[in-house]
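In: Okay, sequence plus prediction incoming.
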Amino acid sequence: MGKDKYENEELIRFGLPEDVWFHVDELSSAHVYLRQKPGQKLDDISSDLLLECSSLVKANSIEGCKMKEVKVVYTRWRNLKKTKSMEAGQIGFHDPSKVRTIKVQKCNSIVNALNKTKEERFPDLQAEQEARAVEYRAAQKASKRDQEKQEREEKKRREEEAKLRSYE
């Protein structure tokens, strides 16, 4: 979670493809990121976890924390769009149809429980992003190698079948 617009900016810049971004709709608030495992989908987020992330966003919104109910938007990090003309912490979306919303009511018990387990860390987001990119490229290379191997084996099999059918 970003504490201010500058930390939010770092989170926007160095997110991972499996990160899910949460924010109070149309109000100033912290950016909360949920890191999923590679391959997981938005639908894989449990309703309890969705409520916890949304409650954190609401509680860390200047105007939103005073309201009884707010609308929270969430989407994949890779759907976030940042242009040079935008202020620090401000974002848009590449595909607005991929943005989901949830209404959240004030629930101090969830936020209090989360605050009890709060752990502040200051990870090197850029290094994490670069490490994830290396992993992704290695997986892509391995996948391509496997596909090429299968194609070679298939070609060899077809050539052998053609030899068997041949009159030579």
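Out: Arrived safely. Residues are numbered from 1 along each chain as shown.
In: Go ahead and flag the most central residue of the chain.
Out: In the chain, the centroid-proximal residue (C-alpha atoms, centre = their mean) is residue 19; its distance is 1.9 Å.
In: Kindly state the beta-bridge partners for it.
Out: Residue 19 has these beta-bridge partners by DSSP bridges: residue 35.
In: Tell me the spacing between it and residue 11.
Out: Residue 19 is 8 Å from residue 11, where distance means C-beta to C-beta, to the nearest Å. Yep, even glycine has a C-beta here, placed from its N, CA and C like the rest.
In: picking up where we left off before, contact partners for the residue nearest to the centre of the chain?
Out: By C-beta atoms under 8 Å, 6 or more residues apart in numbering, the contact list for residue 19 reads 33-36, 76-77.
In: ok, so of those residues, who is nearest residue 93?
Out: Using C-beta to C-beta, residue 76 is the member of the contacts of residue 19 that lies nearest residue 93, at 10.0 Å.
In: Tell me who's in contact with the closest one.
Out: By C-beta under 8 Å, 6+ apart, the neighbours of residue 76 are 17-21, 42, 98.
In: Pull out the buried members of these.
Out: Among the contacts of residue 76, those buried by neighbour count (16 or more other C-beta atoms under 10 Å) are 18-21.
In: just to revisit the earlier point, what residues do residue 19 and residue 11 have in common as contacts?
Out: Joint contacts of residue 19 and residue 11 (C-beta under 8 Å, 6+ apart) are residue 33.
In: Next one, pLDDT for the closest residue to residue 34 other than its chain neighbours please.
Out: Nearest non-adjacent residue to residue 34, counting by C-beta to C-beta, 6 or more residues apart in numbering: residue 20, 4.3 Å away. Residue 20 is assigned a predicted lDDT (pLDDT) of 93.
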